[in-house]
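**Q** got a predicted model here, sequence first, then my questions.
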Amino acid sequence: MSYVTFDARVCQLGEGPLWHPDRQQYFWFDITGRRLLSRTEDEALEWDLPEMASAAGWIDRDTLMIATETGLRRFDIGSGGHEPIVALEAENDVTRSNDGRADPMGGFWIGTMGTSAESRAGAIYRFHKGSVERLVPEVTIPNSICFSPDGRSGYYADTRRQRIWVLPLDSEGWPEGPAEVFVDLREKGLNPDGSVVDSEGGLWSAQWGAARVARYLPDGRFDRAIEVGGRHASCPCFGGAGLDEMIVTTACQGIEAPDTAQGITYAVDPGVTGQAEHRVIA
C-alpha cells in the first residue's frame, strides 16, 4: 500500500491543504462542511466557519489568509476570529471560492466557481498589495494553482475541461504572455484537481475520480502516480521539517454510499522534496 491515513475525520469536500512553516503544522478545509481542520502531534483541531472556505496562505505565525465564498479574510489561529481583507464576488450568489495558493512574490491566486459547477461561472484572480485583479475569466472549476521554483511560471486547471495550463510570469508575478496547455488529460479521461510543484519543478496533480496523485515533469511528460484510498483525490501538499512529506485531501461528494476510505486525508511518500509555502503579504 502506497498510502496511510493522516487524519480520519471525514470531509464532504476536503480541499486546500497548507503546510505552515513557522508552526510546522498542516491546515486544510472541508469546503461544504464549512470547517477548517488541523492537527498537531497530540491533538486534532477544528474551527467552524460561517461561510464555505477553500484555501489559505500564511501571513505570520498566528495568522492565515483564508478564501471564503465572499472574499479573503484574516484568520487568527489562536482565537478563531476573522475579519475581511478584500471582497471577492461577494454580490454573486452563484459562486464560491475554490483552489488557491500564495505565489513567490507575496501575492495570492484564488479561483471562484459556481456552487453547482455552473459552466464558465468562475474566474481566477490575484490578490497583490491590497487589491484583486482578474487573470482568467470564464472558468468552470478552477484548480491546480501552483508555481515553478523560479517563480516565472504559474499553473492552473479547469477540471471540467481536463487540462492544466501554464502561464509565463514577469518578475512581479503578473502574466506576461498567453497561457499554453501543459497537460491534456482528455484522452485518458482524467480530471485534474489541486496541484503543487516540487523542488525539482515536477507538478503533482490530484486527480478527481482516479484515487491518485500524479507527477508531471517540467516539460509536461507523465512521470509516476501514487495511489490514495479516497476516490476523489482533491489536493496534495508538501510538508514536514524537511518538506519530504505529502498529504492528500479527498472528498465524499458525489459518491453514493461512500465507504470509510472516502473523504479522509492521506499521507504518501513522494520521494522528492517540496517547496516551502510562500508567505502572503496582507
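**A** Structure received. Numbering: from 1, shown residues only.
**Q** going by C-alpha atoms from here, please, whenever you check contacts or count neighbours.
**A** Will do.
**Q** around Arg39, how many other residues sit close by?
**A** 15 (other CA atoms under 10 Å).
**Q** next up, the contacts around it.
**A** 25-27, 45 (CA atoms under 8 Å, 6 or more residues apart in numbering).
**Q** how near is it to Asp184?
**A** In this view, Arg39 and Asp184 are 36 Å apart by CA to CA, to the nearest Å.
**Q** please put the alpha-carbon coordinates of stretch 134-147 into CSV.
**A** Taking C-alpha atoms only, stretch 134-147 is exported to CSV below (Å, rounded to 0.1, in the frame of the first residue of the first chain):
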residue,chain,number,x,y,z
ARG,A,134,-8.9,39.0,-12.5
LEU,A,135,-6.4,37.0,-14.5
VAL,A,136,-8.5,34.2,-16.2
PRO,A,137,-12.2,34.6,-17.0
GLU,A,138,-14.9,32.1,-17.6
VAL,A,139,-13.6,29.1,-15.7
THR,A,140,-15.9,26.3,-14.6
ILE,A,141,-13.9,24.5,-11.9
PRO,A,142,-10.6,26.3,-11.2
ASN,A,143,-7.8,24.1,-9.8
SER,A,144,-4.1,23.3,-9.9
ILE,A,145,-2.9,26.8,-8.9
CYS,A,146,0.8,26.5,-8.2
PHE,A,147,4.1,27.9,-9.2
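**Q** contacts for that stretch?
**A** With contacts defined as CA under 8 Å, 6+ apart, stretch 134-147 is touched by 98-101, 103-104, 109-114, 117-126, 153-160, 164, 175, 192-197, 205.
**Q** so which strand or helix has Glu187?
**A** According to DSSP states H and E, Glu187 maps onto no helix or strand at all.
**Q** flag the shaky bits of the chain, pLDDT-wise.
**A** 1 (pLDDT under 70).
**Q** these two touch, right, Arg56 and Gly71?
**A** If you look again at residue 56, you'll see it is Ala, not Arg. No: at 11.7 Å, Ala56 does not count as touching Gly71 under the criterion of CA atoms under 8 Å.
**Q** between the two, tell me which one has more neighbours.
**A** Using other CA under 10 Å, the more surrounded residue of Ala56 and Gly71 is Ala56, with 31 against 18.
**Q** and the residue lying closest to Ser153 once chain neighbours are set aside, which of the three is it?
**A** Using CA to CA, 6 or more residues apart in numbering and skipping residues adjacent in sequence, the residue nearest Ser153 is Pro168, 4.7 Å away. Here Pro168 is strand, with the state taken from DSSP: H, G, I helix; E, B strand; the rest coil.
**Q** all helices for this structure, in order.
**A** Counting by DSSP state H, the chain has no helices to list.
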